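[1] My questions are about this predicted structure, shown below with the sequence.
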Amino acid sequence: MFREKMKTPAIPERVYTLCKIVEKKPLPVKELKNKMEPDYLQQSTSYYSDYREAAEELGLISIVDETAELAVSPSVVRSLADMRRYVNGRLEAFADGQFYRVTKAYYGWGVKVLHGEQNVANLAPALEQELGVSLDAKAMRAWRFWIAYLGLGYLHDMFIVPNADGFLHDLISCADFEKKRTYSFGEFIERILPCAKIVIDGEPSNRQLNYGVSNGLRTLHDAGILRMEHILDQEDIWSLYPLKAHTIEATVTNVTILA
């Protein structure tokens, strides 16, 4: 799912459920499969290998001598939100995979996504040509499940609205920011950037943030998670995607973490 081809059956909820089962005790892989897909259901197709593979890729479980066990602290899978925070902190490890590259390309399109194809399944040809990787409608359907779960976009029917609010909130939570302290915006970006290159340029020398990241920051501002400001006489000026209807219309110099 993350290292190579995206697979539709490997949805976050299945990965999470698998982890919760082995959290209780290690299980032989055959027994684990039967718990996820009981024989009495007589399913014609098994999806087990796809979501088990995703759990292994993410380092959530390990398989030793045909026995599966939880490979992380139980706190990581305490809830779907906890697992999301863990996964968001590990995405940079999959920079060569389809999920990472498709997400980075989609964010790179900026506001153009609002005026183009509205069904993510139909984006495969354009992304395939841009990235030089093999993509199909099934892969894109798999992408949409994880992009929504990881807080990188809002799903509207089959269209993803780029908004990194949940993703950014997770990175902020893990970056050891001091609450109520005001940071220069450059320092804020520097702290989250090691885990955020999937949506933020690794060397943002132009100090411009794309449409999806700008949406996320404004959403967090409105929710009281952080406060962005443009303080006069500050030299560390960054530009968000312009939005006249918002109190933070275009530029920002400082950010205060509130919650």
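    The structure has been received and is ready for your questions. Numbering: from 1, shown residues only.
[2] Name the residues that touch stretch 188-202?
    Outside stretch 188-202, the residues that touch it by CB atoms under 8 Å, 6 or more residues apart in numbering are 88-89, 91-92, 95, 100, 103-104, 107, 152, 164, 167-168, 171-172, 174-177, 183, 204, 209-210, 212-213, 238, 255. Yep, even glycine has a C-beta here, placed from its N, CA and C like the rest.
[3] how long is that stretch end to end?
    By CA to CA, to the nearest Å, the extent of stretch 188-202 from end to end equals 14 Å.
[4] ok so, going back, type out the PyMOL command that picks the buried ones from the contacts of stretch 188-202.
    Restricted to buried positions by 16 or more other CB atoms under 10 Å, the PyMOL selection for the contacts of stretch 188-202 reads:
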select buried, resi 88+89+91+100+103+104+107+152+164+167+168+171+172+175+177+183+204+209+210+212+213+238+255
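[5] So which of the contacts of stretch 188-202 sit within helices?
    Among those, the ones falling in helices (DSSP state H) are 88, 100, 103-104, 107, 167-168, 171-172, 174, 212-213.
[6] count of residues packed around residue 133?
    Residues near residue 133, counting by other CB atoms under 10 Å, number 16.
[7] Not including adjacent chain positions, what is the nearest residue to it?
    With sequence-adjacent residues excluded and distances taken as CB to CB, 6 or more residues apart in numbering, residue 133 is closest to residue 98, at 6.1 Å.
[8] mind listing the helices for this structure?
    12-24, 29-36, 48-57, 80-88, 98-108, 124-131, 137-149, 165-174, 185-196, 211-222.
[9] Those: which one's closest to residue 228?
    helix 211-222 (5.1 Å; CB to CB).
[10] Tell me the buried residues in stretch 57-68?
    Buried residues in stretch 57-68 (16+ other CB under 10 Å): 57-58, 60-61, 68.
[11] and which of the residues you listed is nearest residue 19?
    Taking those together and measuring to residue 19 by CB to CB, the closest member is residue 60, at 5.2 Å.
[12] how much space is there between the closest one and residue 192?
    Residue 60 sits 23 Å away from residue 192, going by CB to CB, to the nearest Å.
[13] just residue 29 next, same as before
    Between residue 29 and residue 192 the computed distance is 37 Å (CB to CB).
[14] what's the distance between the spatially most central residue of the chain and residue 253?
    For the chain, the residue sitting closest to the mean C-alpha position, by CA atoms, centre = their mean, is residue 150 at 3.6 Å. To residue 253, residue 150 is 29 Å away according to CB to CB.
[15] Would you mind measuring the gap between the ends of stretch 203-215?
    20 Å.
[16] Run through who's touching stretch 206-221.
    In contact with stretch 206-221 (CB under 8 Å, 6+ apart) are residues 106-108, 110-111, 113, 152-153, 161-169, 172, 186, 199-200, 226-228, 236-241, 243, 246-248.
[17] ugh, wrong one, stretch 171-187
    By CB under 8 Å, 6+ apart, stretch 171-187 touches 85, 88-89, 188, 191-192, 195-196, 207, 220, 225-226, 228-229, 234, 236-238, 252-259.
[18] Need the mean per-residue confidence for it.
    Confidence for stretch 171-187, expressed as mean pLDDT, is 96.
[19] Equivalent analysis for stretch 12-20, please.
    The average pLDDT within stretch 12-20 is 97.
[20] Right, I'll leave it there.
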